[in-house]
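Visitor: my questions concern the predicted model and sequence given below.
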Amino acid sequence: MAPVVAAVEPFTLLKCLMPQDDGLGDDNGSTDVKPMKAHHRESDPAAALAGARHEFGEHGGVNMSIEASITFTVMEPDTMRRLFAGELGPERDDMYIYSRHFNPTVLALGRQIAVLEGTEAAYCTASGMSAISSVMMQLVGAGGHVVASHCLYGGTHALLSSFLPRTSGVNTTFVDTDDEAAVRAAVRPGETKVVYVETMSNPTLAVADIPMLARVAHEAGAKLVVDNTFTPLVVSPARLGADVVVHSVSKFISGGADIIAGAICGPASLVNSMMDLQDGALMLLGPTMNAKVASELAGRLPHLPLRMQEHSRRAGEFATRMRRLGLRVTYPGLPDHPHHDRLRTMGNPGYGAGGMLCVDMGTEARANRLMHHLQNTTQFGLMAVSLGYYETLMSCSGNSTSSEMAPDDRARAGISPGLIRVSVGYNGTLEQRWEQFEQALALVQQETPGAGAIMSCKAL
């Protein structure tokens, strides 16, 4: 009997709905369906999202229904055989097998996120790390080689430097991905499978040169995978040459600090391969998003553009005022940021430079005192990891989200002990929050010997 996965192509219709060169292999899509208008080709992601297919509820409700079932019935015995053989599928025939494979509600959210990122397809997962891990395991394989930025989220760095080497023999070369010569020297043609970067590095806010990295990766036969968690709508990596875009949807896309979720955006051929019954990372590892979570997120996507604009507006204003006070602040929207012009060139107009900024207080002790007063005295924000919440969140990256990195690696990445990563929220008024910041900073100056020197430092 032939393997049941021989022809599993659940996204074949999606390929016709959103035609494009996927960059990851041959087009296996069906040609017997007329292509529909590819709304995701709109230059503004918000316009693309607004033009996407609207999912109505089962009884005509304006919101899509939640399909809570994990398994799906068929009317005839042979239908199940045809489903497992790939002759029938969710996109082409609106037929489903099991929610670890595809679920109607989760699939609908995936369509929206694919439109948002301008990719052919997207698969929504249970967390951002599950999205990253699954993509890397699928694309790299045992014994493969990766070139990655030396400044990444601590969990991603640990995955590439410790977990994958131990479990899969994957070797990663960490480089300054802003240095084209260094990237070219690190890439091994025929051996390197993935070049991995974050659009905006966590936490130092360096902006990756995505077109350059895509060119170098593709010349070596590798794929460029970009984590766009910090910059949804601000930058569209797939339009700049990235092969795969990953997200921690828990952050800006969710916006509520109440959902753990992730997304993989790319060609349908990638999603198909990751859903293969015998060797697909998504199918076999099972990082499945709950349908109720997908429904929650689908209701938040329409106001993501408004939220990102306000996050960016406030972050830009705070960064400008902090700079005037003499604080060492890093924000790509400031004219003297080394990648300011790059972001303006790559970015989508109207969304600013994102909602993240960094303040370097010089020492961990000073950083901790400032955060203490910002939360406990003036109520400017909350000491917490994560980002994209409507309240301002702040953490000292070196001892929190980048703590997985060795001290030498943190130093090489530019993560100093006193670096505070700030996710700027939009709750309250801007002037109210700025007054709270100034009050907290004044208290730190009074309490900490030599803290006045902070105020006279030139910006990084």
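Guide: Here it is on my side, so go on. Computed from a prediction, not measured in an experiment: that's the story for all the values here.

Visitor: wait, is residue 323 part of a helix?
Guide: Yes: Residue 323 sits within a helix when classified using DSSP: H, G, I helix; E, B strand; the rest coil.

Visitor: distance of it from residue 418?
Guide: Taking C-beta to C-beta, to the nearest Å as the measure, residue 323 and residue 418 are separated by 17 Å. The way it works is simple: take the backbone N, C-alpha and C, and place the C-beta from them, glycine included.

Visitor: so where do the strands sit in the stretch 151-300 of the chain?
Guide: Taking DSSP state E, counting those that start in this stretch as the test, the strands found in the stretch 151-300 of the chain are 171-175, 192-198, 223-227, 244-248, 262-266.

Visitor: quick revisit: ok, residue 323 and residue 418, which is more surrounded?
Guide: residue 418 (20 against 17; other C-beta atoms under 10 Å).

Visitor: now the phi/psi pair for the closest residue to residue 363 other than its chain neighbours, please.
Guide: Nearest non-adjacent residue to residue 363, counting by C-beta to C-beta, 6 or more residues apart in numbering: residue 418, 4.8 Å away. Torsion angles at residue 418 (phi, psi; degrees, to the nearest 10) stand at phi -100, psi 10.

Visitor: same check, this time on the one 3 residues further on
Guide: Phi and psi for residue 421, reported as degrees, to the nearest 10, are phi -90, psi 130.

Visitor: ok, back up a step: give the contact list for the residue nearest to residue 363.
Guide: Each residue near residue 418 by C-beta atoms under 8 Å, 6 or more residues apart in numbering is listed here: 360-364, 366-367, 396.

Visitor: closest to residue 377 out of the strands of the stretch 151-300 of the chain?
Guide: strand 244-248 (30.7 Å; C-beta to C-beta).

Visitor: show me where the stretch 251-400 of the chain has its helices.
Guide: Ranges of helices in the stretch 251-400 of the chain, per DSSP state H, counting those that start in this stretch, are 268-274, 281-285, 291-300, 304-324, 340-346, 364-376.

Visitor: mind putting those in CSV, mean pLDDT and distance to residue 182 included?
Guide: Supplementary listing: the helices of the stretch 251-400 of the chain in CSV, determined by pLDDT from 0 to 100; distance: least, C-beta to C-beta, whole Å:
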stretch, mean pLDDT, distance to residue 182
helix 268-274, 94, 28
helix 281-285, 96, 29
helix 291-300, 97, 38
helix 304-324, 98, 29
helix 340-346, 98, 17
helix 364-376, 95, 30
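
Visitor: and of these, who's closest to residue 422?
Guide: Using C-beta to C-beta as the measure, helix 304-324 is the one of these that comes nearest residue 422, at 7.9 Å.

Visitor: how about that closest one: buried residues?
Guide: Burial within helix 304-324, assessed by neighbour count using 16 or more other C-beta atoms under 10 Å, is assigned to 304-305, 307-319, 322-323.

Visitor: can you check stretch 374-393 too?
Guide: Along stretch 374-393, these residues count as buried under the neighbour rule (16+ other C-beta under 10 Å): 374-375, 378-384, 386-389, 391-393.
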